[in-house]
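[1] give me a model of this one.
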Amino acid sequence: MLPPGTRNVLTTCKEAGVKKVVLTSSMAAIYATYGTLAADHAYGEKTWSPRELVREKGNWYCLSKTLAEELAWDMSREEDSPFQLCTINPVRLLCHGSVEIYIADEHNDLCACHHSFK
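    Below you'll find the model as predicted:
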């Protein structure tokens, strides 16, 4: 059973007439395939962590992220849904105390940005 958090938030968005929703999901929703896909598989919007496999492996985090994101997409496609959905699937978020972000500049060199939270 999926905890009600995602459903509650999206129902509230629907009732409030929110037009755009960005859901921070996780790579766990699409990448926990346990070697069942080819090494060169291109992960995309049609790739999901296989529910039965992650359940069998006891990977409850991946299962919950997969179910929550699938629910969000289903709710966004409902005929009376006022919102467009966009999801992001980060590999890791580091936000306790400080964050280091690595980006490529116009010369394709890696640059590091550092930000401290107070």
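[2] ok, which stretches of the chain are helices?
    For the chain, the helices defined by DSSP state H occupy 5-16, 28-31, 51-56, 60-76.
[3] ok, now which ones touch the residue positioned nearest the centre of the chain?
    Centroid-nearest residue in the chain, with CA atoms, centre = their mean: residue 25, separated by 1.9 Å. Contact analysis of residue 25 by CB atoms under 8 Å, 6 or more residues apart in numbering lists 65, 68, 69, 72, 87, 88, 89. Backbone N, C-alpha and C define where each C-beta goes, glycine included.
[4] where's it relative to residue 40, distance?
    23 Å (CB to CB, to the nearest Å).
[5] re the thing from before, residue 44: which of the helices of the chain is closest?
    Residue 44 lies closest to helix 28-31 among the helices of the chain, at 8.3 Å (CB to CB).
[6] ok, and what's touching the closest one?
    43, 47, 48, 49, 59, 61, 62, 65, 66, 68, 69, 89.
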